[in-house]
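Colleague: Below is the sequence, then the predicted model.
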Amino acid sequence: MRHDGRLLAAALRDPGSTAALDSAGWTALLAIARAEQLIGTLAQRLEGLPIPEAVRRILADARASAEQGRVVALWEAEMARRALAPSGMPVMLLKGTAFVAAGLSAGRGRQIGDLDILVPRDRIDEAETALIAAGWEWVKPDPYDDAYYRRWMHELPPLIHRERDRMIDVHHTILPLTARITPDAAAMLADARPLANGLRIPSPEDLLCHAAAHLFADGDLAGGMRNLWDIHCLLDEFGGPGFAERLEARARLHGLEAEMARALRLRAALYTGEQSRLVGADRLYLRRLTARDGWGRQIRKATRLGFYIRSHRLRMPPHLLARHLWTKFRKGHSPG
C-alpha cells in the first residue's frame, strides 16, 4: 500500500483510526509526521490511546522534546523582550512562539524553530542595534544575501545568538516588500493582544491571516501540513458566532481574501474530511501538501518544482525574479 501525507492527516483528524495500522503503516505514519514536523502534535493527539509499545516510546520522546522546545522558545522570547524593552517599542510574537506564549491549542506539541517577532518598520534599525548589543550576530555573510534581505524582504537578515545558538527573525511586515499582496502590518500591531510580560500576540483574526499568508502567498508550501494544522486549530479555538464574518473582513483588509478562502477549503478537506468545497486548483495544492512517501521522503518532483517557481513569482516581479534566480544558480543553489 502506497502512503502519502493523507495518512498523517487521517491520524490527526481521527486518532482512533490508527488502531487499524499494521507495522508498515505505523512506520509510514511516524516517518511522515517527523518529516512534516508534526511528530509532537501527533504524539499529543494519540496520548492515552492503545498503541504498540515501540510507538508509545517514540511518541513519549516526541512529547518530551516538544515540551523542551516550548520552554526554550519562551525563554528566547523573554531574552528578546529584555533586549528590546528599554526602547519601549511594541514587540509582537509570531507563529509557534505566539501560540505557546498564549497557551493556544495550536501550540500543543508544536515544533518551534526560530523566534519570529514583528516590530514597527520605522524602528527596525533600532531593534537590530539592540539585539546585536545583546549578543545576536548576523547569519548571512554573503553581501548579496544581506542586501537582498534589507532591500526586498519583510524581515532583517537572520540573527543568531552567539552563546545560545538560537536564531531570531525580526519582521516589519509579514510578506516580502516585492510581493503582490501588502498586508497592513501597522493594523496588526495596533490590534495585537498584550501578554502579561509586555510582549504581544496578533489578534485571532490576524493569527489566521498570517498563517494563510505564510502558506499561500509566500512560500512553496513546504511544511504546509503543519501550517494548515495551525489554521485548523485556530479555527476550532476561535470560531464562535460572528468570527467568520470578522475573519473575512480582516482578510479583506490585508488583501488576503483568496488565500484565506483557499486555506478554509483545504483545511476542511484535509482535517475534517469535507471534500465537497474544493474548487479549481485546490486538488493540485493538496497534491503538493501531501507529497511524502512512506519513508517521509519528498515525492512528486514536478509538482514541487512548479510550486517553487510559483513562490518566487509571488515574491517579486519577473525582471527581479530572473536576476535573483540567476544569481542563486551561479552560487550553486537548487530547489529542494
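Modeller: Okay, I see it. Because the structure is predicted, anything quoted here is derived from the model rather than measured. Residues are numbered from 1 along each chain as shown.

Colleague: Give me the three-state assignment for Leu175.
Modeller: Three-state assignment for Leu175 (DSSP: H, G, I helix; E, B strand; the rest coil): coil.

Colleague: Next, count neighbours for it.
Modeller: Applying other CB atoms under 10 Å, we find 24 other residues in the vicinity of Leu175. (Each C-beta comes from the backbone N, C-alpha and C, glycine too.)

Colleague: now do Arg121
Modeller: Residues within reach of Arg121, counting by other CB under 10 Å, total 15.

Colleague: from memory it sits against Val170, does it?
Modeller: No: the criterion here is CB atoms under 8 Å, and Arg121 misses it with Val170 at 10.9 Å.

Colleague: gap between stretch 246-254 and the chain center?
Modeller: Relative to the mean C-alpha coordinate of its chain, stretch 246-254 is positioned 20 Å out (CA atoms, centre = their mean, to the nearest Å).

Colleague: tell me which residues of it are tucked away?
Modeller: Using 16 or more other CB atoms under 10 Å as the test for burial, stretch 246-254 gives Leu247, Arg250, Ala251, Leu253, His254.

Colleague: Look up which helix or strand the nearest residue to Gln44 once chain neighbours are set aside falls in, please.
Modeller: Excluding its sequence neighbours, the residue lying closest to Gln44 (CB to CB, 6 or more residues apart in numbering) is Gly109, at 3.7 Å. Element membership of Gly109 [criterion: DSSP states H and E] is none; it lies in no helix or strand.

Colleague: still on that earlier bit, out of the buried residues of stretch 246-254, which sit inside strands?
Modeller: Here DSSP state E is the test, and the buried residues of stretch 246-254 give no hits in strands at all.

Colleague: Closest one to Tyr149 out of these, please.
Modeller: Nearest to Tyr149 among the buried residues of stretch 246-254, counting by CB to CB, is His254 at 22.1 Å.

Colleague: Flag the shaky bits of the stretch 201-336 of the chain, pLDDT-wise.
Modeller: 316-336 (pLDDT under 70).

Colleague: is it true that Ile117 lies in a strand?
Modeller: Yes: according to three-state DSSP, the state of Ile117 is that of a strand.

Colleague: was I right about it contacting His171?
Modeller: Yes: using CB under 8 Å as the test, Ile117 is close enough to His171 to be in contact (6.7 Å).

Colleague: any shared contact partners between the two?
Modeller: For the pair Ile117 and His171, residues contacting each of them under the criterion CB atoms under 8 Å, 6 or more residues apart in numbering are Leu94.

Colleague: Please identify which of the two sits among more neighbours.
Modeller: Set side by side, Ile117 and His171 show unequal neighbour counts under other CB under 10 Å, the larger going to Ile117 at 26 against 22.

Colleague: Show the pLDDT at the more buried one.
Modeller: Per-residue confidence (pLDDT) for Ile117: 98.

Colleague: same thing with Arg180?
Modeller: Per the predicted model, pLDDT is 87 at Arg180.

Colleague: Please name the residues that touch it.
Modeller: When the contact criterion is CB under 8 Å, 6+ apart, the partners of Arg180 are Leu314.

Colleague: so it sits in a strand?
Modeller: No: remark: Arg180 does not belong to a strand; assigned using three-state DSSP, it is coil.

Colleague: where do the helices sit along the stretch 151-300 of the chain?
Modeller: Counting by DSSP state H, counting those that start in this stretch, the stretch 151-300 of the chain has helices at residues 185-190, 204-216, 224-238, 243-253, 257-271, 282-289.

Colleague: Need those in CSV (columns: distance to Ile132).
Modeller: Written out in CSV, the entries for those read as follows (distance: least, CB to CB, whole Å):
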stretch, distance to Ile132
helix 185-190, 22
helix 204-216, 26
helix 224-238, 30
helix 243-253, 34
helix 257-271, 34
helix 282-289, 38
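
Colleague: Pick the most deeply packed of the ones you listed.
Modeller: Highest mean neighbour count of the helices of the stretch 151-300 of the chain: helix 204-216, a mean of 25 (counted as mean count of other CB atoms under 10 Å).

Colleague: What is that one packed up against?
Modeller: For helix 204-216, the packing partners by 3 or more CB pairs under 8 Å, 6 or more residues apart in numbering; DSSP states H and E come out as helix 95-101, helix 224-238, helix 243-253, helix 257-271.

Colleague: Off-centre distance for the shortest one?
Modeller: Distance of helix 95-101 from the chain centroid (CA atoms, centre = their mean) equals 11 Å.

Colleague: Just the C-alpha atoms of it, please, in CSV.
Modeller: Output of helix 95-101 as CSV, limited to C-alpha atoms (Å, rounded to 0.1, in the frame of the first residue of the first chain):
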residue,chain,number,x,y,z
LYS,A,95,3.9,31.8,14.6
GLY,A,96,4.7,28.9,17.1
THR,A,97,6.1,31.1,19.9
ALA,A,98,2.9,33.2,19.8
PHE,A,99,0.8,30.0,20.1
VAL,A,100,2.7,28.6,23.1
ALA,A,101,3.0,32.0,24.8
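
Colleague: Just want the most central residue of this structure.
Modeller: Note on the chain: the residue nearest the mean C-alpha position is Asn227, at 5.0 Å, using CA atoms, centre = their mean.
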